[in-house]
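**Q** Let me see the structure of the following:
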Amino acid sequence: MRRTRPAPTRPAPTPTAPTRPERARIRFGPALSLFLALPLLLLGAGVAAAQQAEDAPLRDGFWFSAGLGYGSVAVDGVSGREDGLSGNLTLGGTIGPRFLVGGGTTGWTKEEMGLRITFSSLMATSRFYPSAEGDFYLAFGLGFGQVSLSEGSSSISESGGAAQLGLGFDARVGERWSITPYLNFIGYAIEDLDADVFQLGVGITYH
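**A** All right, here's what the predicted structure looks like:
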C-alpha cells in the first residue's frame, strides 16, 4: 500500500501596511511671495511716514522767544566798541511753517563810574525759515530805537529809528520748546548819533 506525501504548505504572506501617498510640496512663486510681503511693506512705510511727521518741527499758533547774552555797541565818530549785557523779547503769531510775525524789544546796557548808557528798541519783527522742516531762521525787524543816559536820579534820552537783521537756530528740546542760539545786528539812526549793536546770546523759544 503506497503512502501519499502531503503537499507542502506555503507560509501565509505577511500583511504589509498600506503606503501613504507622498504629500505634495507647496512652492511659493515670486508673485505670491510679493503678495504676502506687501502688507509688511505698507506697514513699514506707514511707520516711517508717521515718524517723519513726528520729527518735523511744529510751528503753529502763538509763539514767543526770550534771550540773554553778550552785546557790543559802536557809536559813529567814537573809536572802538563797548561790551555789555544784551537781551531781547519777541512774541507773535504763525503765518505758516516757514513764516512767523510779531513784535519785540531789544536792549543793551552798561554802567561805568555811576553813568549808565542804554540802547533799546521796539520793532515789528518776522522770522523766515528757508525750510519748512528745518530749524534755521533769518530774523528781520523795523521800528523805533532809543538811547538813554542815566546817573543817579537824572536821565536824558533821544529817540529815532531802528532796524534789525539776525539769524538763529531752534534746537528742539520738546514738542514746542527750543533752545535758540542767535546772532543779531541792530542799527540805530537817532537825531544826534548813529550806532549799531551786535547781540550774541541764547534764548528759549515756544512755538
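
**Q** C-alpha from now on. contacts and neighbour counts both.
**A** Noted.

**Q** Now do the buried residues in stretch 120-139.
**A** 120-129, 132-133, 135-139 (16 or more other CA atoms under 10 Å).

**Q** for the spatially closest residue to T125 that is not a sequence neighbour, what are its contacts?
**A** Spatially, and ignoring its direct neighbours in sequence, T125 is nearest to G141 (4.2 Å; CA to CA, 6 or more residues apart in numbering). Applying CA atoms under 8 Å, 6 or more residues apart in numbering, we find G141 in contact with M123, A124, T125, S126, A163, Q164, L165.

**Q** try 10 Å
**A** 101-105, 121-127, 162-166, 186 (CA atoms under 10 Å, 6 or more residues apart in numbering).

**Q** Identify the residues contacting the closest residue to L58 other than its chain neighbours.
**A** Among residues not flanking L58 along the chain, R176 sits closest, at 6.5 Å (CA to CA, 6+ apart). With contact set as CA under 10 Å, 6+ apart, R176 has these partners: P57, L58, R59, D60, W63, T205, Y206, H207.

**Q** pLDDT, neighbour count and secondary structure for those residues - can I get that in JSON lines?
**A** Listed next are these as JSON lines, based on pLDDT from 0 to 100; neighbours: other CA atoms under 10 Å; DSSP: H, G, I helix; E, B strand; the rest coil:
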{"residue": "P57", "pLDDT": "67", "neighbour count": "19", "secondary structure": "coil"}
{"residue": "L58", "pLDDT": "77", "neighbour count": "19", "secondary structure": "coil"}
{"residue": "R59", "pLDDT": "85", "neighbour count": "21", "secondary structure": "coil"}
{"residue": "D60", "pLDDT": "87", "neighbour count": "15", "secondary structure": "coil"}
{"residue": "W63", "pLDDT": "96", "neighbour count": "19", "secondary structure": "strand"}
{"residue": "T205", "pLDDT": "97", "neighbour count": "21", "secondary structure": "strand"}
{"residue": "Y206", "pLDDT": "96", "neighbour count": "20", "secondary structure": "strand"}
{"residue": "H207", "pLDDT": "88", "neighbour count": "20", "secondary structure": "coil"}
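
**Q** Closest one of those to P97?
**A** Of all these, P97 sits closest to R59, with 5.4 Å by CA to CA.

**Q** Identify the residues contacting the closest one.
**A** Contacts of R59 by CA under 10 Å, 6+ apart are 93-100, 132-133, 175-176, 206-207.

**Q** OK, contacts around the residue nearest the centre of the chain?
**A** Central residue of the chain (CA atoms, centre = their mean): D135, 4.1 Å from the mean position. With contact set as CA under 10 Å, 6+ apart, D135 has these partners: A56, P57, L58, R98, Y129, G168, F169, D170, A171, R172, S178, T180.
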